[in-house]
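**Student:** sequence first, then the predicted structure:
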Amino acid sequence: MSEFKKFDQKNWVATNLNYKKDSGNWAWILHRITGIALIAYLFMHILSLSPLSQGRAAFNEFISHYTTPFFMVLEWLLFAFVLFHSLNGIRIVVVDWADGARYHKALYRYSIVIGVVMFFAMGYVMFSHEINKLFR
């Protein structure tokens, strides 16, 4: 009889969900999630350009839906995904090429702090016009 145990999927999922993850694990997981989300956005973006084949009026009418507050918030979240993916990508390059493995946790923390600051700064830029309209 073989010494290998039969693969138990339920046990495997429980083991991996309970596994203590450090910053490197979370960086890897979030980098993959944001990458997949950005690829999905790319396809949505191409789909959004399809009304161009129907003329300028059809395109302008379609694009006008994207100026609603709901889509502005989605755009801000898209910025968060792009920001995390790019800052983490820079961190990965530094860790791989500049002997950054010794300080990869600090680089991760710095990228998170820089990302949060830039995220809220972009939120201010994106929504300041709308907020000013509310208080006039």
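**Tutor:** Structure received. Numbering: from 1, shown residues only.
**Student:** give the buried residues for the longest helix seen in the chain.
**Tutor:** In the chain, with assignment by DSSP state H, the single longest helix is helix 104-134. For helix 104-134, burial by neighbour count (16 or more other C-beta atoms under 10 Å) applies to His104, Leu107, Tyr108, Ser111, Ile112, Gly115, Phe119. (Glycine included, C-beta is placed from N, CA and C.)
**Student:** now the third one: how far from Leu38?
**Tutor:** When distances are taken as C-beta to C-beta, to the nearest Å, Tyr108 and Leu38 turn out to be 20 Å apart.
**Student:** which other helices and strands contact the helix or strand hosting Glu75?
**Tutor:** Secondary structure from DSSP states H and E places Glu75 in helix 69-97. For helix 69-97, the packing partners by 3 or more C-beta pairs under 8 Å, 6 or more residues apart in numbering; DSSP states H and E come out as helix 23-48, helix 104-134.
**Student:** could you give the angle of the last one to helix 69-97?
**Tutor:** Angle, helix 104-134 to helix 69-97, by axes from the mean of the first three to the mean of the last three C-alpha atoms, to 10 degrees: 160 degrees.
**Student:** quick one, helix 104-134 and helix 23-48 angle?
**Tutor:** Going by the same axes, to 10 degrees, helix 104-134 makes 40 degrees with helix 23-48.
**Student:** tell me the mean pLDDT for helix 104-134?
**Tutor:** For helix 104-134, mean pLDDT rounds to 90.
**Student:** which non-adjacent residue is nearest Phe79?
**Tutor:** Met122 (5.3 Å; C-beta to C-beta, 6 or more residues apart in numbering).
**Student:** right, and that neighbour touches Trp76 too?
**Tutor:** Yes: shown here, Met122 and Trp76 form a contact pair, counting by C-beta atoms under 8 Å, at 6.7 Å.
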